[in-house]
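Enquirer: 3D model of this:
(2 chains)
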2 protein chains.
Amino acid sequence: MDRLPGFRDFYPEPLPHPDVWSADARQYIFDCWREIARRYGFREYDGPPLEPLDLYTLKSGDEIVGQLYNFIDKGDRPVSMRPEMTPTLARMAAAHERNYKKPIKWFAVPQLFRYEKQQKGRLREHFQFNADILGEAGPSADAELLALLIDVLRIFKLTSEDFVVRLSSRNAWMEFFEKRCSDPGKSYEFFQIIDKLEREMPEESSKKLSAIGFSLNEVNDFIVAGKPTAELESIVNNLSDRGLAEFVRIDYHVIRGLAYYTGVVFEAFDKKGEFRAIAGGGRYNNLVKLISGGKVDMPALGFGMGDVVLLELLKSRGLLPAFDSGIEAFCLIEDETLRGPSLKLVQHLRESGYAVDYFFTLTKSDKQFKRAIELKARFTVKLEITAQQELVVRMKNLQTREEKIVVPPDLPGLL
Amino acid sequence: MDRLPGFRDFYPEPLPHPDVWSADARQYIFDCWREIARRYGFREYDGPPLEPLDLYTLKSGDEIVGQLYNFIDKGDRPVSMRPEMTPTLARMAAAHERNYKKPIKWFAVPQLFRYEKQQKGRLREHFQFNADILGEAGPSADAELLALLIDVLRIFKLTSEDFVVRLSSRNAWMEFFEKRCSDPGKSYEFFQIIDKLEREMPEESSKKLSAIGFSLNEVNDFIVAGKPTAELESIVNNLSDRGLAEFVRIDYHVIRGLAYYTGVVFEAFDKKGEFRAIAGGGRYNNLVKLISGGKVDMPALGFGMGDVVLLELLKSRGLLPAFDSGIEAFCLIEDETLRGPSLKLVQHLRESGYAVDYFFTLTKSDKQFKRAIELKARFTVKLEITAQQELVVRMKNLQTREEKIVVPPDLPGLL
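Expert: Numbers count the residues shown, from 1 in each chain, chains lettered A, B, ... in the order given. Here you go, the predicted model:
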């Protein structure tokens, strides 16, 4: 029996082969995400992995359903496994908005799902770091969020050699659009064409643009000029104050596909251009109002960073740490009459906070020692009886091979 | 728009009201689970939250489907959101069994799902700590797993006054059964009756037992005698060696409902009897073989501990810590011309590992200070310009109200 296509198992290291997903690498990524969120004062939240289908169609229209992992549940409710976190966040924040001081700075580490029939072999789930700020309309919030994004990547030891955050503005593009077209109904189509500009043949983009009254030349000129809006300038200055200017670049190629963005938008890319976007986000000032049925109106912005591209990037740059068992002491039990006191020693060490392992049953000495080495234990510990019939612990540092004898009263500070 | 019935949102503290689920309490519970698993040398794994329906019906028969959150996916596959972790574990361990040294000691923190139509208002998801040992048939593995269970409860500051692990044995019950009944087909029904003994009226149990040729009296006598098997004795002695004997008790009332248990079974209960079982588990030596279609045969045992009962118990015993923002320094920006350097200070402190917050925009001094207090920040930091035009940091310890001036070169060790 096998797992479902597009889903992953996560195994402890050492992995059976390199294509198996590592639970240790996943936890390392989650820990780093949480650590930077903590330093920035972002608080964790979570919602259900399953939500009413309406939560997604309300925002994105019915065409989104083709990509959702949706179904009818046993209570005849149209439901969907969550494809993204932002609608859940908007729902939750709106429900208890009065309880939280503004700006609200929240993060989550949800598993997200999608179901695209044609995409054979592609993943149908991934994990994402989601960070959002609600209740602050000014660019200082955008700068804080971007600084967080930059520092999240930097905690993995990625540098400005490795990645850049490309900053853009829906406002700038909207101004461009409105100067040339008086039909706001065409703006979504226009944004979709811009979003695909770098991936499509110029002839194709040119044809599509012409069809709605734009020329590829003026679009390209606008991108090349890359004239920052006052808002973008303020954000870049703010990041510059923090010493983070080298990590961002104004780039109007970025516009983000989703319909709901309203202001600054951005994407983080690896500089070699080997991977899809590492992270992406922007302002969505109207979403909370939409989701809450008009009850709560809060400006908002956020980004998402998936675990899959990030892991690929870290692997390719050799930035994943080595993961081992984490065992600090391996207890050698060579004399079965000492198993009882040895278990007591194991218990004592664990209660003192150490990670300890041992063999459950009578095992040859050399096999025990070999296991300690394989587990990369820092120490072996072994009970011995002295000539004076005293029970003592022989400790061996497996790096230095240094040995020492410890008497039980000194155990608390043993390692 | 509301979430689906039976699902939970998790909010950061302070909570809007006591019935809202706390993301901070959840993370605290997860952290404690992981910490004890680490000390015991258990390694984390995870599988998909969605599995083929067969994975569960294979083990538990078709009657289980009534309780599952199952559906037909877009690829016409019968699938189910996972109701428990053990089948996934058995599938995963069997798939890469040769890669891992025995005994395999693994844990997971999955979210699990069920759908019972009649249970209005009851949760349809919860999180569970799952710990399992594979590849060791002897009672020393059972003892290790029980010690882990006990220490998981103890890390939450629960004591032997608060809980007890009731130990029992399917083997002992099987022997009892076989002495009195020659039809093995009735054993499952018999176990079901024993499992409900404490919850049903004696008349009801007596009637059911008589129907398959047993008397309630002899069943009760067997339970009251509570004669430990050699295996149970060995486990209790092992736990006694560790100093953990006071946390366990032989109690043949426990038998566990699931069909697949084969040996020792156990459940942890609060001693006041206010809650459902805190945790439960046992040996399931045949499951890996069943799930792997006979390819891999490994003895195994494990337990699960849910987050809901545990949280209720910790709350009722006053053992949940207070959760706050975790902010260590709040940066006061009272002079807007110093916002740039203040952002640099914030960045510097965050890069040094501190959790730092500040107001994004011009805010009255007293409101800033009030926010620092609300967030329970340890310190406020504020840039000032001295008479010598030097930029210095004024730090205030919010507990002692002690102030000091720090010059920027000394910032690394600031807090």
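Enquirer: what about the nearest residue to A:W33 once chain neighbours are set aside, how many neighbours?
Expert: Residue nearest to A:W33 in three dimensions, not counting chain neighbours: A:F129, with 4.3 Å by Cβ to Cβ, 6 or more residues apart in numbering or on different chains. C-beta: built from backbone N, CA, C; applies to glycine. When neighbours are defined as other Cβ atoms under 10 Å in any protein chain shown, A:F129 has 26 of them.
Enquirer: residues contacting A:F129?
Expert: Residues near A:F129 by Cβ atoms under 8 Å, 6 or more residues apart in numbering or on different chains: A:33, A:37, A:107-109, A:152, A:279, A:304-305.
Enquirer: who does whichever strand or helix holds it pair up with?
Expert: Per DSSP states H and E, A:F129 falls inside strand A:125-134. Applying DSSP bridges, strand A:125-134 is found paired with strand A:104-108 (antiparallel), strand A:111-113 (antiparallel), strand A:300-306 (antiparallel).
Enquirer: by mean pLDDT, flag the weakest helix or strand of chain A.
Expert: helix A:54-60 (a mean of 85; mean pLDDT, DSSP states H and E).
Enquirer: format the contacts of A:F129 as CSV; extra columns: neighbour count and distance to A:F71.
Expert: Shown next, in CSV, are these (neighbours: other Cβ atoms under 10 Å in any protein chain shown; distance: Cβ to Cβ, whole Å):
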residue, neighbour count, distance to A:F71
A:W33, 26, 30
A:A37, 24, 32
A:F107, 25, 29
A:A108, 25, 23
A:V109, 17, 24
A:V152, 26, 34
A:A279, 22, 30
A:G304, 20, 24
A:M305, 22, 28
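Enquirer: and of those residues, the nearest to B:E144?
Expert: Nearest to B:E144, judged by Cβ to Cβ, of those is A:V109 at 30.8 Å.
Enquirer: now for the closest one: which residues touch it?
Expert: With Cβ under 8 Å, 6+ apart, A:V109 has these contacts: A:30, A:33-34, A:44, A:46, A:127-130.
Enquirer: repeat that with 6 Å
Expert: Contacts for A:V109 (Cβ atoms under 6 Å, 6 or more residues apart in numbering or on different chains) come out as A:30, A:129.
Enquirer: now do A:I235
Expert: Going by Cβ under 6 Å, 6+ apart, A:I235 touches A:139, A:142-143.
Enquirer: circling back to that earlier point, can you redo the strands paired with strand A:125-134 as TSV with mean pLDDT?
Expert: TSV is the format used below for these (pLDDT from 0 to 100):
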stretch	mean pLDDT
strand A:104-108	98
strand A:111-113	98
strand A:300-306	98
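Enquirer: a markdown table for those, including distance to B:A90?
Expert: Putting these into a markdown table (distance: least, Cβ to Cβ, whole Å) gives the following:
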| stretch | distance to B:A90 |
| --- | --- |
| strand A:104-108 | 31 |
| strand A:111-113 | 22 |
| strand A:300-306 | 29 |
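Enquirer: element containing A:K295, please.
Expert: Applying DSSP H and E, one finds A:K295 in no helix or strand.
Enquirer: I should have written A:V381 there, sorry.
Expert: strand A:379-385.
Enquirer: which SSE is immediately downstream of that strand?
Expert: Counting by DSSP H and E, what follows strand A:379-385 is strand A:391-397.
Enquirer: out of the strands paired with strand A:125-134, nearest to A:Q389?
Expert: Using Cβ to Cβ, the nearest of these to A:Q389 is strand A:111-113, at 57.5 Å.
Enquirer: which bits of the stretch 301-415 of chain A sit near chain B?
Expert: A:326-327, A:340, A:343-344, A:347, A:350, A:355, A:357, A:360-361 (Cβ under 6 Å from any Cβ of the partner chain).
Enquirer: from those, which ones fall inside strands?
Expert: When these are checked against strands (DSSP state E), the matches are A:D357.
Enquirer: so can I have TSV of the contacts of A:I235 showing secondary structure, neighbour count and pLDDT?
Expert: TSV is the format used below for those (DSSP: H, G, I helix; E, B strand; the rest coil; neighbours: other Cβ atoms under 10 Å in any protein chain shown; pLDDT from 0 to 100):
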residue	secondary structure	neighbour count	pLDDT
A:P139	helix	24	98
A:D142	helix	29	98
A:A143	helix	24	98
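Enquirer: one step back: and of the contacts of A:F129, the nearest to A:V224?
Expert: A:A279 (24.8 Å).
Enquirer: state the distance from the closest residue to the closest one other than its chain neighbours to chain B.
Expert: The shortest distance from A:A279 to any non-neighbouring residue, by Cβ to Cβ, 6+ apart, is to A:M305 (3.7 Å). Distance of A:M305 to chain B, given as Cβ to the nearest Cβ, to the nearest Å: 18 Å.
Enquirer: circling back to that earlier point, of the contacts of A:F129, which is the nearest to B:Y188?
Expert: Scanning the contacts of A:F129 for proximity to B:Y188, where the rule is Cβ to Cβ, the winner is A:V109, at 41.0 Å.
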